[in-house]
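[1] Generate a structure from the sequence data that follows.
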Amino acid sequence: MSSADRLTPFSYVVLVLIGEGGAGPHDLRRMMERGRVYWTAAPSQYYAEAKRLAERGYLAGRREPGRTRERTHYMLTARGREALAVWSRSPAAFPRIQSEPVVRLLAVDLVGPEAALEGLRALRTEIDELRARIAEGEQVAATLPRRERALMLNHRLGRRLLDAHAEWLDDVERELGGGADRGIGG
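    Predicted structure coming up:
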């Protein structure tokens, strides 16, 4: 397999999101926004990766009418399904974590606690936004019977991750003398 044909972890994200019923780029963008707590990438990357996977034979695209112009709707091909079957049996690794807040806290000795807390407190707003996205995803899950159970399990994990970050932020505020404890609910 050439490096151009090689599938990355992100390739599998796109293949799974395309799923049984297929999806268009706009659908991928909506799913990406709801699932940001699990995986982040620029919307343009979702579009480009779906196109690349179609060019390599993992997806098939067909043109469909859109609101203002034709749009591409992607479906899994036999090659895409086989790639998912092989990948799903391979050992899952612990998630890679790139945590900007952890690095910001580490800078406290360089910038001082006030500056570190000022930047970190913005996390509360984002945590609340992500909780709203998960709630939206839970409503959507009920409309997807084939995926509802898996989606709901993932949403429980997402809530736990957000709770853990909120608890961590509470600890940071207490340790750095940042004021009142807001609890895990924000």
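[2] Show me the shaky parts of the chain.
    In the predicted model, the chain carries pLDDT under 70 at residues 1-4, 178-186.
[3] what about 50?
    Along the chain, segments meeting pLDDT under 50 span 180-186.
[4] Name the nearest residue to Leu157, ignoring sequence neighbours.
    Leaving aside its chain neighbours, Leu157 sits nearest to Tyr38 (8.0 Å; criterion: CB to CB, 6 or more residues apart in numbering). Bear in mind the C-beta positions are built from the backbone N, C-alpha and C, glycine included.
[5] The one you found contacts His155, doesn't it?
    No: using CB atoms under 8 Å, Tyr38 is not in contact with His155, being 9.5 Å away.
[6] who has more neighbours, the two?
    A direct count of neighbours by other CB atoms under 10 Å for Tyr38 and His155 places His155 higher, at 22 against 16.
[7] other SSEs contacting the helix or strand harbouring Leu153?
    Leu153 is part of helix 148-175, with elements assigned from DSSP states H and E. Contact analysis of helix 148-175 by 3 or more CB pairs under 8 Å, 6 or more residues apart in numbering; DSSP states H and E lists helix 100-106, helix 113-120, helix 123-141 as its packing neighbours.
[8] switch the cut-off to 10 Å
    Applying 3 or more CB pairs under 10 Å, 6 or more residues apart in numbering; DSSP states H and E, we find helix 148-175 packed against helix 25-34, helix 100-106, helix 113-120, helix 123-141.
[9] Give me whichever of those helices is most buried.
    helix 25-34 (a mean of 18; mean count of other CB atoms under 10 Å).
[10] Can you check what angle separates it from helix 148-175?
    40 degrees (axes from the mean of the first three to the mean of the last three CA atoms, to 10 degrees).
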